[in-house]
Structures are given as structure tokens and as C-alpha cells.
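Chemist: what shape does this take:
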Amino acid sequence: MMGQAERKAMVDQPGEAEWIIANLVETINRCMEHHEVYDNRGQKIPGLFEFDASGATRALELLGKRLGMWGERQPLRAEDLAKLSDEDLYEIRRGKWPKGLRIVNE
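Modeler: Predicted structure coming up:
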């Protein structure tokens with residue numbers, strides 16, 4: 001088993017981001033694989049499959065963090081809408097929020 005010092009040395013090398021991302025993607029793919037389900041007699045249950053949802057969700061979360069997708073959101077008050085560009089307002093109207101924005105009702 002690899003110790004903490006060995007893992008740290010491995011990811012501190014050039015290309016660490018690529019290594020982390022590649023391993024997260026591999027984890028996601030493995031966790032999303034569907035496996036057939038069998039009953040207690042060893043008979044395959046038709047149409048029933050399982051996968052590692054919690055592992056896939058965690059790897060997706062970590063990948064999103066690594067890519068900076070889950071940054072701290074700053075509150076957006078209604079009066080702040082006047083400061084947004086026409087393009088941002090158009091995207092909000094279409095339901096696609098600019099990164100990091102949310103409405104706060106206070």
C-alpha cells in the first residue's frame with residue numbers, strides 16, 4: 001500500500017493536474033459501469049442493474065472542484081441585476097446563470 005509521502009510525491013510531479021483528472025475520470029467510468037443483479041439462488045434478475053452511485057457522485061464532485069466548477073458563489077441582490085451585461089441578463093432569462101451568481105431574497 002502506498003503511504004502518504006509516496007502519494008504526495010507522485011502528485012507533486014509535473015503533470016499532477018492531468019494525473020488527478022485522469023484518475024478521477026477513470027473512477028467515474030468504473031463506478032458508472034452497470035453490473036447485473038442476481039437473486040439469492042444465483043439467478044440473474046432481468047432488467048435490474050446496479051452501479052456505484054456514491055463513488056461516481058464523489059468522483060464527479062472532486063473533478064468539479066479540481067476544474068473550479070464549484071467555487072464560492074457570491075450573492076446577487078435584485079439591485080445588482082442593473083450591473084449585469086445584456087448577455088448575462090439574456091442567459092439568466094433563458095435559465096442559464098452566469099458562473100457564481102445566485103439571487104438572494106432578503
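Chemist: part of a strand, is residue 87?
Modeler: No - counting by DSSP: H, G, I helix; E, B strand; the rest coil, residue 87 is not found in a strand; it is helix.
Chemist: give me the number of residues near it?
Modeler: Neighbour count for residue 87, taken as other CB atoms under 10 Å: 9. From N, CA and C alone the C-beta is placed, and that goes for glycine too.
Chemist: let's see the pLDDT reported for it.
Modeler: In this model, residue 87 is scored at 83, pLDDT.
Chemist: quick check: it vs residue 37, distance?
Modeler: For residue 87, the distance to residue 37 equals 48 Å [CB to CB, to the nearest Å].
Chemist: so what's the residue count around residue 24?
Modeler: Residue 24 has 20 neighbouring residues, counting by other CB under 10 Å.
Chemist: please apply the same query to residue 28.
Modeler: With other CB under 10 Å as criterion, residue 28 counts 18.
Chemist: now do residue 59
Modeler: 21.
Chemist: that one touches residue 22, doesn't it?
Modeler: No - contact criterion CB atoms under 8 Å: residue 59 and residue 22 do not qualify, at 11.8 Å.
Chemist: now residue 27: closest residue in space that isn't a chain neighbour?
Modeler: Leaving aside its chain neighbours, residue 27 sits nearest to residue 59 (4.2 Å; criterion: CB to CB, 6 or more residues apart in numbering).
Chemist: got the buried residues for the helix or strand where the one you found lies?
Modeler: Using DSSP states H and E, residue 59 sits within helix 53-66. For helix 53-66, the neighbour count (16 or more other CB atoms under 10 Å) marks 56, 59, 60, 62, 63 as buried.
Chemist: thank you kindly, that will do.
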